[in-house]
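Undergrad: here are the coordinates; sequence isn't available:
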Ligand code: LLP
């Protein structure tokens, strides 16, 4: 990551800001994001399309901080949302409703109503039952709902099973063979209008071939629809481009775009359709670090494991605990003389699964700062309050310096919605 550098005294800096200064000012644990890294990723992706019509719909779930959404909105991004809450966030941050696609298998009636009232660009529909509900809500509002069917292309994204979504045994999308019947159904329903086809095959994909396979399957469906006289206005191939956490070699943005456009642009009709992508991790993952301080060292007296207990935990960053993800961890100011040693980097939460990294060779002393790299996506957005831990602060760094974009949660706010009934007072 070129936004991560070391100063003359070896202090880790993010976009030129020394992380020990950030810790001194904002405390720990804190998520710190580089604005230029996000801008660079967005530009890299949009530039890869050249003048081909396209839209990048940022997957809000990756990092839904209002400042990050406002930044992406300014860059021209659309948004992929999966809840009424995410819709509200995008609108609050100044995102354009017509550039929103609404994904998700379980949209409630209220969420559908909220989306149709706001005028989102389309609803990515995942079942026949959902179509029926959208039709009813649209009829009630007197509007026509723009629909894209999310099809399940049954391709293996070769990623972690928890983040693989395009296999026929996953809950996502409609089976691709069922799609023509559903498009016919949409065509007959005056409250619905088909505008697109979409698919999303998974996350942290490090090989372009599953994307190309999915594109081919979507085109085969398009051919069937064309024969039936069904016209569409866009194709959406989802998100999922992987990033480098340690030694992965993910494709570049250009590789990703080339892999799909080289399939799509050979098709006489598809080549004229705007292409949408829904990247989350690629845009924000590399930009962020989770900054944390070593509370205690517990070296093993003989040959057992030695623990570095830090102030960030699985509630702050669940990826290692949930997927066994390996994320790089660096000392912010490595001691130049101390010998490195293998540490289990663990948090204070009362679970054996509470770890950020296993067996990391680092020179650590009590009070030192560490940074977990590549934590800009699915870090804060998956955080919880387990063990009554307030969520971490969030800071955005740009050439003007560091700005707090998310205050550390106070304990009072954690119980603000709770109450003790009179019988227990
Ligand atoms: N579109 C849809 C419909 C999605 O479900 C997702 C992610 C994306 C786009 C964005 O995928 P991305 O480009 O960020 O890979 N928590 C996991 C990733 C779960 C992704 C869920 N869906 C992780 O930390 O690796």
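TA: That came through fine. Keep in mind it's a predicted model, so treat the numbers as computed, not measured.

Undergrad: Work out for me the element residue 36 sits within.
TA: helix 35-48 (DSSP states H and E).

Undergrad: Toward the C-terminus, what is the element adjacent to that helix?
TA: strand 54-59.

Undergrad: do that following strand and the ligand meet?
TA: Yes. Contact between strand 54-59 and the ligand is present through residue 59 (criterion: CB under 6 Å from any ligand atom). The C-beta positions use only the backbone N, C-alpha and C, and glycine is treated the same way.

Undergrad: tell me the angle of that strand relative to helix 35-48?
TA: 140 degrees (axes from the mean of the first three to the mean of the last three CA atoms, to 10 degrees).

Undergrad: partners of strand 54-59, with directions?
TA: strand 78-81 (parallel), strand 275-277 (parallel) (DSSP bridges).

Undergrad: Export these to TSV and append columns for mean neighbour count, distance to residue 305 and mean pLDDT.
TA: Below are the strands paired with strand 54-59 laid out as TSV (neighbours: other CB atoms under 10 Å; distance: least, CB to CB, whole Å; pLDDT from 0 to 100):
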stretch	mean neighbour count	distance to residue 305	mean pLDDT
strand 78-81	28	41	98
strand 275-277	25	42	98
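
Undergrad: out of those, nearest to the ligand?
TA: strand 78-81 (5.0 Å; CB to the nearest ligand atom).

Undergrad: anything in the closest one sitting right up against the ligand?
TA: Yes. Residues of strand 78-81 contacting the ligand under CB under 6 Å from any ligand atom: residue 80.

Undergrad: Touching that strand from outside, list them.
TA: 55-60, 69, 72-73, 86-87, 90, 95-96, 99-104, 120-121, 239, 276, 278, 280 (CB atoms under 8 Å, 6 or more residues apart in numbering).

Undergrad: Return the distance of whichever helix or strand comes after that strand from the chain's centre.
TA: The element immediately downstream of strand 78-81 (helix or strand, assigned by DSSP H and E) is helix 84-92. The chain centroid and the centroid of helix 84-92 are separated by 15 Å under CA atoms, centre = their mean, to the nearest Å.

Undergrad: Run me through the strand neighbours of the very next helix or strand once past helix 84-92, direction for each.
TA: Next in sequence after helix 84-92, counting helices and strands by DSSP H and E, comes strand 100-102. According to DSSP bridges, strand 100-102 forms sheet pairs with strand 78-81 (parallel), strand 122-125 (parallel).

Undergrad: what's the distance between the last one and the middle of its chain?
TA: The one in question is strand 122-125. 19 Å.

Undergrad: So for it, what gets flagged as buried?
TA: Buried residues in strand 122-125, counted by 16 or more other CB atoms under 10 Å: 122-125.

Undergrad: And for stretch 311-328?
TA: Buried, per 16+ other CB under 10 Å, within stretch 311-328: 311-321, 323, 325, 327-328.

Undergrad: swap in stretch 361-371?
TA: For stretch 361-371, by 16+ other CB under 10 Å, it's 362-364, 368-371.

Undergrad: again, but for stretch 125-137
TA: Neighbour count says stretch 125-137 has 125-127, 130-131, 134-135, 137 buried, by 16+ other CB under 10 Å.

Undergrad: Mind putting the residues you listed into TSV with distance to residue 357 and secondary structure?
TA: As requested, the buried residues of stretch 125-137 are arranged in TSV below (distance: CB to CB, whole Å; DSSP: H, G, I helix; E, B strand; the rest coil):
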residue	distance to residue 357	secondary structure
125	40	strand
126	35	coil
127	39	coil
130	40	helix
131	45	helix
134	44	helix
135	49	helix
137	46	helix
